[in-house]
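Colleague: let me see the structure of the following:
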Amino acid sequence: MQICVFLGSSPGQCEQYLADARKMGRYLASRNIGLVFGGASIGLMGELARAATEAGGTVTGVIPKQILNIEIPEESVSELIHVDTLAEREHIMFERSDAFIALPGGFGTLEELFTVLVWNMLQYHDKPVGMLNSAGYYEIFKQLLTHQQQQGFVSQGWVDSIVIRDDVESLVDSIVAMC
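Modeller: I've put the predicted structure just below:
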């Protein structure tokens with residue numbers, strides 16, 4: 001089994017984000033779950049990948065050539081795939097993964113998360129999607145989902161299908177149970 005993790009290439013402003021990224025990497029490795037991620041050595045991405053690698057996990061990074069000077073590749077991974085476009089990155093990460101988890105991050109993280117959520121809604125896949133609410137990071141997103149549902153744009157079933165947990169183990173265990 002492999003889980004794709006979307007997360008920031010920046011460390012963020014909260015030490016809990018870094019701690020949870022490391023914990024996620026170690027926990028995936030301890031469960032013998034392969035990690036697929038964006039390939040960068042910086043920010044939360046780098047912390048996640050190094051923790052998984054140091055714990056003996058299998059780690060696949062996928063990074064576009066155009067951003068090699070921005071998101072410096074993590075060389076300690078089991079496999080590093082260079083692609084030409086962000087769309088190709090997403091496609092490979094999707095194809096290689098059985099489920100998706102979002103940790104804190106910026107626009108790129110949200111874009112990847114929304115992509116797999118939309119693909120799920122349109123029935124391109126039925127892979128589980130989860131979010132780690134590290135230090136309350138996704139509380140506003142949960143409010144947005146409730147608002148979208150109340151306004152008739154998203155069904156309650158779709159809202160309920162997104163696994164949102166406050167701790168790494170509970171989130172990963174819930175996602176694995178859905179696979």
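Colleague: can you list the buried residues in the host helix or strand of E169?
Modeller: Of the helices and strands defined by DSSP states H and E, E169 is found in helix 168-178. Neighbour counts over helix 168-178 (16 or more other C-beta atoms under 10 Å) mark 168, 171-172, 175-176 as buried. Bear in mind the C-beta positions are built from the backbone N, C-alpha and C, glycine included.
Colleague: can I get those residues in TSV including pLDDT and distance to V129?
Modeller: Compiled in TSV, the buried residues of helix 168-178 are given as follows (pLDDT from 0 to 100; distance: C-beta to C-beta, whole Å):
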residue	pLDDT	distance to V129
V168	98	16
L171	98	11
V172	98	13
I175	98	8
V176	98	13
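Colleague: those strands in this structure, which residues are they?
Modeller: Counting by DSSP state E, one finds strands in the chain at the ranges 2-6, 34-37, 59-64, 79-83, 99-102, 129-132, 162-165.
Colleague: which elements pack onto the fourth one?
Modeller: This points to strand 79-83. strand 59-64, helix 86-95 (3 or more C-beta pairs under 8 Å, 6 or more residues apart in numbering; DSSP states H and E).
Colleague: go with 6 Å
Modeller: Applying 3 or more C-beta pairs under 6 Å, 6 or more residues apart in numbering; DSSP states H and E, one finds that strand 79-83 contacts strand 59-64.
Colleague: now do the fifth one
Modeller: Here strand 99-102 touches strand 2-6, helix 107-121, strand 129-132, going by 3+ C-beta pairs under 6 Å, 6+ apart.
Colleague: got the buried residues for that strand?
Modeller: 99-102.
Colleague: likewise the fourth one?
Modeller: Under the neighbour-count criterion of 16+ other C-beta under 10 Å, strand 79-83 has 80-81, 83 buried.
Colleague: thanks a lot, catch you later.
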